[in-house]
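**Q** compute the structure for the input listed below.
(one chain, ligands or ions: 1)
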Amino acid sequence: MTDSKGTTQATVSTLPAAADNPVFAAPAGTRTAADVVTPELVARLTRDVVGSGKTRNHAPATGAKLADLPESTPEDVATAFERARQAQYLWARTPVRQRAAVLLRFHDLVLRRQAEVLDLIQAETGKARLHAHEEVQAVSVAARHYGRKAPSYLAPKRHTGVTPTLTRVTELRQPRGVVGQISPWNYPFELSVGDALPALVAGNAVVMKPDTETALTAMWARELLIEAGLPAGVWQVVLGDGPVIGPAVVQHADFVSFTGSTRTGREVAQGAAARLVGCSLELGGKNAMLVLRDADLDKAAAGAVRGSFSSAGQLCISIERLFVHESVADAFVERFAARTRAMRLGGDLAYGADMGSLVSERQLATVRRHVDEAVEQGAKVVTGGRARPDIGPYFYEPTILDGVRPAMAVCEEETFGPVVSIYRFTDEDDAIARANATPYGLNASVWTRDGARGRAVAARLRAGTVNVNESYAAAYGSAQAPMGGMGDSGLGRRHGSEGILKYTEAQTVAQQRLVPLAPSFGLSHEQYAQLMTRGLRAMKALRLR
Ligand code: NAD
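**A** Prediction:
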């Protein structure tokens, strides 16, 4: 198609056949989702779900029903909280080292039995096995980190008292009680158990509402954690429609841990605020990657593939906006497009595919709308831009768009699919300003051969994590450091000390010795005030904090 200025515009329908991504076919005999998700497995995994209604989930690779599942009512949610509260009492009194040992045993079990959960993740999400393995890695890192560090994060801390040596002050960390956890479908292993581990090791019980479409993965994680030593009552599960039972979870929780969309996150925050309970919110993003003029273009192109198309872009920290310095833009786009076109698509339960399916018709519809509207308004499809029903009902090609302008939905709204737009810049300040011009602030990425320059640019980006010469995994995988969103991307952080202390209440115990904090030993009020004034001056001179 040629526009009024005579420039060639590729459209969805005029893409050459050669742009099709190859299909990955697993070796004959590879098991299917139906082979893996047997009625016996479903019955075993779901027997502890509090609820007797009926619901079901689906296999994205085929669109077919995967399993019949129990469904909970708001009354079932209340029951789950009662059970969790009873179990939490003893769990909180279990020494923290014993609780942490459960996580370390869980770590080993996850790595040993990973094939089982990889099958389930693939069956329920349709993602490529390589991307499912990211979840195994992330959960193992979280289990190791909190298994090793929870005792020191939670240990009582001594502080200098108001009258040094005379006031003995200890800060304790008390569990909040029962944490309500609501998690999405896109990383069902990591965002269920990965986030539950710090809550549990801190002495809380958890009532979890995983997304129904990926509930089996969360239930498998629960079963394995019980095998590692977690008392079963400490982790309760409810299943059902978010708008129906989600508010009930918020209604009963002592703290809410929510991961999902910004829209739902606002509702959850309002529910928690009305009850004066805390919440942490891990929400959406419109994440930017900056390719500076001195970047290694081959590495940046490979990083852009990982950043934009992992889990078919259904990753909160995935890259949807790619700012490239004008002087290297053509060379970069050529490399990025070549790698993207070569990606093999497939939904088989085996390693080999570079990208899997979208999770649902709804996700596919958003991706189609964003790409088609952008193309209608003049954007150019560099590669991709098509659904691939020949592979499965929700497959969509990894797609690079050029010529995207601010009025287009794909420029500003989270797509949550395998679509990334190229924007060119000549001035680094301008690139930083454009990258920051979004209400979101979750993740960003900077590519340069100069590490110090990359870190300096990173510090100017408004995002909770910034990766230099990596897309997202370096920051997310570093579990000692906090991860989370600024602005509309969330409240609070997972990982590091913040990721566990949010599940606790700080309690200060101050013991006063020998003299009271009041006039005593016959001192008049005025003499006491003078003594305290001298004491305050002395404490500053002695550099007490
Ligand atoms: P969603 O908000 O629709 O659903 C998330 C969870 O909330 C589900 O379990 C759902 O059933 C439940 N829910 C729905 N309505 C509810 C309500 N009214 N009250 C309480 N719970 C309710 O999000 P989604 O489409 O499942 O997930 C995709 C979104 O999640 C994307 O925006 C993505 O960026 C975000 N996400 C963020 C992170 C992060 O760490 N920041 C990680 C993964 C996904």
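**Q** low-confidence ranges in this protein?
**A** Residues of the chain meeting the criterion pLDDT under 70: 1-19.
**Q** change it to 80
**A** For the chain, the stretches with pLDDT under 80 are 1-20.
**Q** what does it put close to the ligand?
**A** Selection of the chain residues close to the ligand by Cβ under 6 Å from any ligand atom yields 182-187, 191, 209, 211, 242-243, 246-247, 259-261, 264, 267-268, 282-285, 316, 414, 416, 442, 485, 490. The C-beta positions use only the backbone N, C-alpha and C, and glycine is treated the same way.
**Q** count the neighbours of the nearest residue to residue 20 once chain neighbours are set aside for me.
**A** Excluding the flanking residues, the one nearest residue 20 by Cβ to Cβ, 6 or more residues apart in numbering is residue 397, at 7.4 Å. Counted with other Cβ atoms under 10 Å, residues neighbouring residue 397 total 28.
**Q** residue 397 touches residue 345, doesn't it?
**A** Yes - between residue 397 and residue 345 there is a contact under Cβ atoms under 8 Å: 7.2 Å.
**Q** what do these two both touch?
**A** 21, 388 (Cβ atoms under 8 Å, 6 or more residues apart in numbering).
**Q** and residue 389, which of the three is it?
**A** Under DSSP: H, G, I helix; E, B strand; the rest coil, residue 389 falls in the coil class.
**Q** and it, what is it in contact with?
**A** Taking Cβ under 8 Å, 6+ apart, one finds residue 395 in contact with residue 389.
**Q** tell me the spacing between it and residue 341.
**A** 19 Å (Cβ to Cβ, to the nearest Å).
**Q** same thing with residue 190?
**A** 29 Å.
**Q** more neighbours, those two?
**A** Neighbour comparison, residue 190 and residue 341: the larger count goes to residue 190, with 24 against 18 (by other Cβ under 10 Å).
**Q** so the more buried one makes contact with residue 139?
**A** Yes - with contacts defined as Cβ under 8 Å, residue 190 counts as touching residue 139 at a distance of 5.6 Å.
**Q** just the buried members of the residues of the chain next to the ligand?
**A** With burial judged by 16 or more other Cβ atoms under 10 Å, the buried subset of the residues of the chain next to the ligand is 182-187, 191, 209, 211, 242, 246-247, 259-261, 264, 267-268, 282-285, 316, 414, 416, 442, 485, 490.
**Q** just the ones of the residues you listed in helices?
**A** Using DSSP state H, the members of these that fall in helices are 242, 246-247, 264, 267-268.
**Q** and of those residues, the nearest to residue 536?
**A** Relative to residue 536, the closest of these is residue 268; by Cβ to Cβ it sits at 44.6 Å.
**Q** gap between that closest one and residue 260?
**A** Taking Cβ to Cβ as the measure, residue 268 falls 8 Å from residue 260.
**Q** what's the overlap in contacts for those two?
**A** Joint contacts of residue 268 and residue 260 (Cβ under 8 Å, 6+ apart) are residue 182.
**Q** in which helix or strand does residue 146 reside?
**A** Element membership for residue 146 (DSSP states H and E) is helix 129-154.
**Q** and residue 346, what is it in contact with?
**A** Here residue 346 is in contact with 23-26, 128, 352-353, 356, 391 (Cβ under 8 Å, 6+ apart).
**Q** can you tell me which of those is closest to the ligand?
**A** residue 356 (16.4 Å; Cβ to the nearest ligand atom).
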